[in-house]
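J.: I need the structure of the sequence given here:
(one chain, ligands or ions: 1)
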Amino acid sequence: MSFFGKLKSKLFKSSSKLDEGLDAIVQDGGEETPTPEAPPPADPSPPAEPEPVAPPPDVPAPEAPEEEPQPDLPEPDAPQEVPEPDLPEPPPADPTPPPPEPEAPQPVDPEPAPDVVPPPEPPVEMPPQPVETPAAPPLEVPNVTPLETPMMTTITAPRLDMAEPAQDVRKPGFLNRILGRSAAPTEIRRELDDDMLEQLEELLIQADMGVDTALRVTANIAEGRFGKKLSVREIKELLAGEVARIMDPVAKPMPLYPTKPQVVLVVGVNGSGKTTTIGKLASQFRAAGKKVVIAAGDTFRAAAVEQLQVWGDRAGVPVLTAPEGSDPASLAFDAMTKAQADGADLLMIDTAGRLQNRQDLMEELAKIVRVIRKKDPDAPHNTLLVLDATTGQNALSQVKTFQQLADVSGLVMTKLDGTAKGGVLVALADKFGLPIHAIGVGEQIDDLQPFDPEEFAAALTGLEAA
Ligand SMILES: Nc1nc2c(ncn2[C@@H]2O[C@H](COP(=O)(O)OP(=O)(O)OP(=O)(O)O)[C@@H](O)[C@H]2O)c(=O)[nH]1
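T.: I've put the predicted structure just below:
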């Protein structure tokens with residue numbers, strides 16, 4: 001919940017893009033319909049109405065959840081014994097289901113009092129959910145097991161079968177009452193047809209999910225729902241469910257092994273966030289009690305080395321450097337020797353990211369690997385590819401390229417904060433199935449989070465926390 005709030009706010013650009021797009025799609029040809037059961041939008045009171053269907057007439061119905069679907073009969077409450085069919089007094093010309101009592105102050109009031117008394121009920125629209133304790137453990141620091149258990153999600157995938165619609169934004173609250181509209185909760189729904197599907201596909205492509213993934217996702221959403229009327233909320237839930245389903249298999253923290261030192265080679269194009277990510281990871285591992293050594297393998301750029309030293313200081317981890325222009329493989333060898341001598345748990349090796357000269361880079365990486373294998377034939381134990389989310393679809397070609405250059409074992413996606421291209425992560429998962437170990441959501445040392453598919457899906461689609 002706390003993490004969700006943080007991630008959601010970090011991913012606001014992606015989610016608002018989808019949000020706005022979905023609103024526009026549903027409004028385009030959609031029509032206002034009463035919300036099926038109109039549960040009160042997330043409020044602080046104990047929910048009293050467990051009944052899934054058949055909204056009670058107007059009575060607040062404090063308890064006594066009617067057990068059968070007949071809404072017509074006015075509750076056995078004292079006051080209105082009168083027939084009064086099912087239409088409550090504020091009839092906003094609806095189809096069938098009686099509008100479920102506009103201002104129903106839910107929990108409290110002992111007596112009905114139809115709609116006279118506007119209860120104070122604060123006009124909460126979005127749940128405030130501001131501060132939150134960071135809670136979520138940083139980057140999984142699994143213990144010594146080759147195949148870590150992600151420990152994070154318990155797949156609560158928002159299963160949707162359109163029966164659990166609901167608290168769509170439009171809340172018939174205070175303002176409506178003041179304006180004299182008794183405002184039965186309504187929401188716009190649009191029938192799912194070819195046209196709408198096409199618009200959805202388009203929107204997902206724009207959100208950087210890629211054509212193939214967008215087509216697959218929309219096809220899954222459409223399955224069994226063609227011709228049905230869907231609200232924005234329902235579409236978001238369906239979408240989030242699909243995204244989570246794709247992402248779930250790849251959400252894996254970086255595995256830790258008993259080997260000492262475990263060698264982590266970090267690759268990626270210049271500027272993707274390698275240095276920053278190494279610093280963040282080193283800090284998290286150190287906080288978890290691991291002894292870490294960093295090797296500044298991008299010896300071609302003095303600035304890169306300096307930057308890594310700054311991060312090493314922040315993380316409280318030693319950084320081994322070599323003179324500018326020296327052989328990175330030789331530095332890696334020295335670093336390996338030192339890490340072994342020091343009994344370090346982890347050796348993280350930064351590398352250059354000059355894709356302009358792919359051949360040179362390939363040889364350089366291959367040489368680093370060759371050299372460290374003289375010390376440990378199994379090294380590197382992880383090869384992390386760091387990708388910048390703001391590059392959108394370009395991240396896909398970077399994965400392809402680096403898979404040719406190195407034996408990529410997992411991904412870290414940086415800069416998910418402040419980009420509208422977060423959907424590319426879905427495309428990556430769908431296309432390559434490489435483990436996503438962590439996501440970068442800012443420039444601070446603690447802005448690296450474990451990847452949680454459900455939270456990511458909810459944040460990406462703009463779904464409110466349940
Ligand atoms: N907003 C945001 N910025 C990030 C994130 N990760 C890295 N950055 C920024 O991206 C820029 C590049 O990050 P570096 O870590 O230097 O990237 P690099 O891959 O090491 O780049 P080179 O040293 O040029 O190879 C820096 O300004 C970082 O602060 C992130 O998750 N969010």
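J.: residue 25: neighbour count?
T.: By other C-beta atoms under 10 Å, 22 other residues sit near residue 25. Placement of C-beta: from N, CA and C, glycine included.
J.: also residue 193?
T.: 13.
J.: these two touch, right, it and residue 227?
T.: Yes. If you go by C-beta atoms under 8 Å, residue 193 and residue 227 touch, sitting 7.3 Å apart.
J.: quick one: what helix or strand has residue 282 in it?
T.: Counting by DSSP states H and E, the element that carries residue 282 is helix 274-287.
J.: next: residue 383.
T.: strand 382-388.
J.: can you tell me the closest non-neighbouring residue to the closest residue to the ligand within the chain?
T.: Nearest to the ligand in the chain, going by C-beta to the nearest ligand atom, is residue 440, at a distance of 2.6 Å. Excluding the flanking residues, the one nearest residue 440 by C-beta to C-beta, 6 or more residues apart in numbering is residue 414, at 3.4 Å.
J.: count the neighbours of the one you found for me.
T.: 27.
J.: let me see the contact set for it.
T.: Listed by C-beta atoms under 8 Å, 6 or more residues apart in numbering, the contact set of residue 414 reads 272, 273, 276, 277, 386, 387, 388, 389, 439, 440.
J.: which ones are touching the fourth one?
T.: Neighbour list for residue 277: 266, 384, 386, 412, 414, 438, 440, 448 [criterion: C-beta under 8 Å, 6+ apart].
J.: got it, and the last one?
T.: Contacts were defined as C-beta under 8 Å, 6+ apart; by that measure residue 440 touches 273, 276, 277, 280, 412, 413, 414, 415, 416, 417, 447, 448.
J.: for the fifth one, give the beta-bridge partners.
T.: According to DSSP bridges, the partner residues bridging residue 412 are residue 386, residue 438.
J.: got it, and the last one?
T.: Beta bridges link residue 448 to residue 440 when assigned by DSSP bridges.
J.: so it sits against residue 280, correct?
T.: Yes. Contact criterion C-beta under 8 Å: residue 448 and residue 280 qualify, at 3.9 Å.
J.: quick one, which of those two is more surrounded?
T.: residue 280 (28 against 24).
J.: which parts of the stretch 251-400 of the chain sit against the ligand?
T.: Within reach of the ligand by C-beta under 6 Å from any ligand atom, the stretch 251-400 of the chain has these residues: 268, 270, 271, 272, 273, 274, 275, 276, 298, 304, 307, 353.
J.: which one of these sits closest to residue 325?
T.: Distance to residue 325 across those (C-beta to C-beta) is lowest for residue 298, with 11.2 Å.
J.: looks like that closest one contacts residue 319 (just checking).
T.: No. Counting by C-beta under 8 Å, residue 298 does not reach residue 319; the two are 11.8 Å apart.
J.: one step back: now the contacts of residue 414 in TSV, with pLDDT?
T.: Below are those laid out as TSV (pLDDT from 0 to 100):
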residue	pLDDT
272	95
273	95
276	96
277	97
386	97
387	97
388	95
389	93
439	95
440	95
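J.: closest one of those residues to residue 207?
T.: residue 389 (11.8 Å).
J.: any idea how far residue 274 is from the closest one?
T.: 14 Å (C-beta to C-beta, to the nearest Å).
J.: after the strand holding residue 383, next one along is what?
T.: helix 394-405.
J.: tell me the angle that next one makes with strand 382-388.
T.: If you take axes from the mean of the first three to the mean of the last three C-alpha atoms, to 10 degrees, helix 394-405 sits at 150 degrees to strand 382-388.
J.: name the residues of helix 394-405 that are buried.
T.: Of all the residues in helix 394-405, those buried under the rule 16 or more other C-beta atoms under 10 Å are 395, 396, 398, 399, 401, 402, 405.
J.: pLDDT value on the fifth one, please?
T.: According to the predicted model, the pLDDT of residue 401 comes to 92.
J.: now do the contacts for it.
T.: Counted by C-beta under 8 Å, 6+ apart, residue 401 has contacts 355, 358.
J.: go again with 7 Å.
T.: Taking C-beta atoms under 7 Å, 6 or more residues apart in numbering, we find residue 401 in contact with residue 355.
J.: swap in residue 409?
T.: By C-beta under 7 Å, 6+ apart, the neighbours of residue 409 are 382, 383.
J.: again, 8 Å this time
T.: Contacts of residue 409 by C-beta under 8 Å, 6+ apart are 382, 383, 384, 434, 435.
J.: between the two ends of stretch 297-304, how far is it?
T.: 9 Å (C-alpha to C-alpha, to the nearest Å).
J.: what pLDDT, on average, does that stretch get?
T.: 89.
J.: pretty sure residue 390 contacts residue 422?
T.: No. Taking contacts as C-beta under 8 Å, residue 390 lies outside contact range of residue 422: 9.7 Å.
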